[in-house]
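**Q** Sequence unavailable; structure follows:
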């Protein structure tokens, strides 16, 4: 899995992921999101999952934890670019009701 970050206008941080988000990659993502939220004070996060082919329970747990932390800091974490398969997984576990899930980065910026 690769993680690419980009600063967007209005203090929004875009985190683009590529590959599989499973137990071997989750610690890297969790450390990066924790650093952004706790050390850098970045509380407006967009996670682009358009290049993610798989996510397991550890990846879901990581995203939920970071969403909670962002909300505690009066920020937000929005997901975008989910494939149909990822949308099914999020719906199956009820996370489509937790997260704001939008089509693409532009739509995510609009809801921030």
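**A** Okay, I see it. No experiment lies behind these values; they were computed from the predicted model shown. Numbering: from 1, shown residues only.
**Q** For the rest of this, base every contact and every neighbour count on C-alpha atoms.
**A** OK.
**Q** Next, count neighbours for residue 110.
**A** For residue 110, the tally of surrounding residues (other Cα atoms under 10 Å) stands at 8.
**Q** host element of it?
**A** helix 105-111 (DSSP states H and E).
**Q** For that helix, which helices and strands make contact with it?
**A** strand 44-55, strand 76-80 (3 or more Cα pairs under 8 Å, 6 or more residues apart in numbering; DSSP states H and E).
**Q** What residues of it count as buried?
**A** If you call a residue buried by 16 or more other Cα atoms under 10 Å, then helix 105-111 has these buried ones: 105, 108, 109.
**Q** who are the neighbours in contact with residue 44?
**A** With contact taken as Cα atoms under 8 Å, 6 or more residues apart in numbering, residue 44 is in contact with 11, 12, 13, 70, 75, 76, 77, 112.
**Q** An error on my part: the question was meant for residue 70.
**A** Residue 70 sits next to 37, 43, 44, 76, 77 when contact means Cα under 8 Å, 6+ apart.
**Q** Throw the residues you listed into a markdown table and include distance to residue 98 and pLDDT, thanks.
**A** Output for these, formatted as a markdown table (distance: Cα to Cα, whole Å; pLDDT from 0 to 100):
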| residue | distance to residue 98 | pLDDT |
| --- | --- | --- |
| 37 | 19 | 96 |
| 43 | 17 | 96 |
| 44 | 16 | 98 |
| 76 | 12 | 96 |
| 77 | 11 | 98 |
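**Q** which residues touch the residue nearest in space to the middle of the chain?
**A** The residue lying closest to the centre of the chain (Cα atoms, centre = their mean) is residue 47, at 3.3 Å. The contact partners of residue 47, by Cα under 8 Å, 6+ apart, come to 14, 15, 16, 17, 77, 78, 79, 80.
**Q** Let me know whether residue 49 touches residue 14 as I believe.
**A** No - taking contact to mean Cα atoms under 8 Å, the distance of 10.8 Å between residue 49 and residue 14 leaves them out of contact.
**Q** out of the contacts of residue 70, who's nearest residue 21?
**A** residue 77 (17.1 Å; Cα to Cα).
**Q** The closest one touches residue 64, doesn't it?
**A** No - shown here, residue 77 and residue 64 do not form a contact pair, counting by Cα under 8 Å, at 9.2 Å.
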